[in-house]
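> fold the following and give me the result.
(chains A and B)
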Amino acid sequence: MIELIDVEKTYRSRRGGRKTVFSDVNLRLEKGHNYGMLGLNGAGKSTLLRLIAAAERPSSGIINRDVSISWPLGLASSFHGSLSGIENLRFVARIYQADIDEVTDFCAWFSELGKALYHPVKTYSSGMRARLAFGLSMAINFQVYVIDESLSVGDRTFQEKARNEFASRREYSDIILTSHSNELIRQFCDRAGVIAGGRVTMFDTLDEAEDFYARVTA
Amino acid sequence: MSPDAGRDRWVDLDEALRMMFRVVLAIMLRESRTRYGDSRFGYLWALIDPVIVMSLMVLLFGIIGRTSPVAASLPVFILTGYMPFFLMRNVITRGASAAAANRGLLQYPQVAVADIVLARIVLEVSTATVVYVVLIVALFYGIGEPLSSWFDDPAGIIGAALGIFYFCLGSAFFSSGLARIWPMWPNIWSYISRPLFLLSGVFFTLENLPTSGRAVMQYNPLAHVLEWFRSVSLPGFESNSYSIVMVLATGTITGTIGLLIDRYLVLTGDEEIVG
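Here you go, the predicted structure:
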């Protein structure tokens, strides 16, 4: 379970003053459910995922987690462009204490990058990058995968592969996925929330969430 | 508090330190591949840079008809000054860009800016040490410069090396912290570091300066570091113009400020990770 209690997040803006992303977020994400988070660009989707994944601390409030959570799989790549896919993969395996050979084998199979794994990541397309990032995170077996829009960059085959992989580990792993559109969330999630105006509103069904999202973004 | 709670705290600390060690090591390996650009031979630049500076200076001193200001030969004099300078300038530069160049890494919850700074410091110190040793050996075989020219007081050299490492720790954390709250800092440092090359004693010793010059130079901590290192390294050169306290105090003050900025930004979460 992941629980956010009275979470507030502000940044010191470069131009002076403070920017408030979240003012009062309370939410409980339960084991056994895949959550979708709907929000417009700039609503704070990435920030919410970074808070959940413990990449950042909230300005105030408490976040409780009793599960292992992936790093936020996002469009902003954590890979170093001039290192090869393999070298980037080794780095991640090292900091997560994973077996480098196992991770390499799994990534090679999942990402279908072939020889490109040995080329610098800066030569990759965004789809190839997403495949590598996904393969890598799947190789490390987290209980919760935090995914920031990046599924949308892959082609259909890739999305299908990701869906099959998640389906095969439904017992063990859950997903938290952000998107600005319903379509992807329909494919992967059974519950959804809406991020708008510095708040997060959770719903038990996708229909309710989509209705609410349509109303606040209209 | 139960005794178990106390023991748990030690177990937590032990686990945290192991994690930090693992992360710093992984970053070092990664940085060593990217430090000097894409080329596989990029690292040779760390060796070529001091060789160029030394050769140019030997040439320049020859043209203007000056000799080494100390008993040691000119290459030894230049390198015992340039290598500590090269190291200190590099750690400050690498500290300044540590956070901005690695935003992507901060997505991993176990990676903190402090790990990146520490990894960069250790990498720069190791590189400079290896380069220094390689140059000493190369000059021994190349121009027959005796090894004893470099090691007047071995215990003193170890002390000075530790002092330099401490100075590097403090100044790199300071530089990193400053850059995170003041994005202009890396640019400003690049302007400061250029005249510092001329003003830190790579080409002169504090001891040989006129009193008026020394009065000004004593405010430059880098000049004290160079003077200290030469004083223990060069046979027949004992300087009274440097202060170890000055070096250690600068390291302590800059390091404290740097760590305070780091703690503030981490604990308040007041730093945008994705710009």
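
> would you point out the helix or strand in chain A whose mean pLDDT is lowest?
Ranking every helix and strand in chain A by mean pLDDT, DSSP states H and E puts helix A:156-168 at the bottom, with a mean of 84.

> and the pLDDT at residue B:58?
At residue B:58, the model reports a pLDDT of 91.

> hmm, I was thinking of residue B:153
pLDDT, read off for residue B:153, is 95.

> just residue B:2 next, same as before
So, for residue B:2, pLDDT stands at 53.

> residues touching residue B:101, list them.
Taking CB atoms under 8 Å, 6 or more residues apart in numbering or on different chains, we find residue B:101 in contact with no residue. Heads up, the C-betas are built off the backbone N, CA and C, glycines and all.

> low-scoring stretches of chain B, by residue?
Scanning chain B for pLDDT under 70 picks out the ranges B:1-6, B:38, B:40, B:272-275.

> what's across from residue A:192 in the sheet?
residue A:36, residue A:203 (DSSP bridges).

> what residues are up against it?
A:35, A:36, A:37, A:38, A:185, A:202, A:203, A:205, A:206, A:209, A:210 are the contacts of residue A:192 under CB under 8 Å, 6+ apart.

> whichever of these end up buried, select them in ChimeraX.
Here is the ChimeraX command that picks out the buried ones among these, judged by 16 or more other CB atoms under 10 Å in any protein chain shown:
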select /A:35,36,37,38,185,202,203,206,209,210
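
> where does the residue positioned nearest the centre of chain A land in three-state SS?
With distances taken as CA atoms, centre = their mean, the residue of chain A nearest its centroid is residue A:147 (1.7 Å). Counting by DSSP: H, G, I helix; E, B strand; the rest coil, the backbone at residue A:147 sits in strand.

> same question, residue A:194
strand.

> contacting residues for it?
A:37, A:38, A:39, A:200, A:201, A:203, A:209, A:212, A:213, A:216.

> for these, which one is nearest chain B?
Distance ranking of these against chain B, using CB to the nearest CB, places residue A:39 first at 15.6 Å.

> tally of neighbours for the closest one?
Residue A:39 has 21 neighbouring residues, counting by other CB atoms under 10 Å in any protein chain shown.

> same question for residue B:107.
Neighbours around residue B:107, by other CB under 10 Å: 24.

> again with residue B:50
Residue B:50, neighbours per other CB under 10 Å, totals 20.

> do the same with residue B:46
Residue B:46 has 18 neighbouring residues, counting by other CB under 10 Å.

> and it, what helix or strand is that in?
Element membership for residue B:46, per DSSP states H and E: helix B:45-63.

> list the buried ones in the following helix or strand past that helix?
With elements assigned by DSSP H and E, the helix or strand that comes after helix B:45-63 is helix B:74-98. If you call a residue buried by 16+ other CB under 10 Å, then helix B:74-98 has these buried ones: B:74-98.

> tell me what helix B:74-98 is packed against?
Judged by 3 or more CB pairs under 8 Å, 6 or more residues apart in numbering or on different chains; DSSP states H and E, the packing partners of helix B:74-98 are helix B:45-63, helix B:113-143, helix B:154-181, helix B:185-199, helix B:221-233.

> for the ones you listed, give me a markdown table that also has distance to chain A.
Listed next are these as a markdown table, based on distance: least, CB to the nearest CB, whole Å:
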| stretch | distance to chain A |
| --- | --- |
| helix B:45-63 | 15 |
| helix B:113-143 | 9 |
| helix B:154-181 | 9 |
| helix B:185-199 | 14 |
| helix B:221-233 | 31 |
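
> make a markdown table out of the ones you listed and add distance to residue A:172.
A markdown table is the format used below for the helices and strands packed on helix B:74-98 (distance: least, CB to CB, whole Å):
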| stretch | distance to residue A:172 |
| --- | --- |
| helix B:45-63 | 47 |
| helix B:113-143 | 30 |
| helix B:154-181 | 38 |
| helix B:185-199 | 45 |
| helix B:221-233 | 55 |
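
> what's the closest of the contacts of residue A:194 to residue A:7?
Each of the contacts of residue A:194 was scored against residue A:7 by CB to CB, and residue A:200 proved nearest at 8.9 Å.
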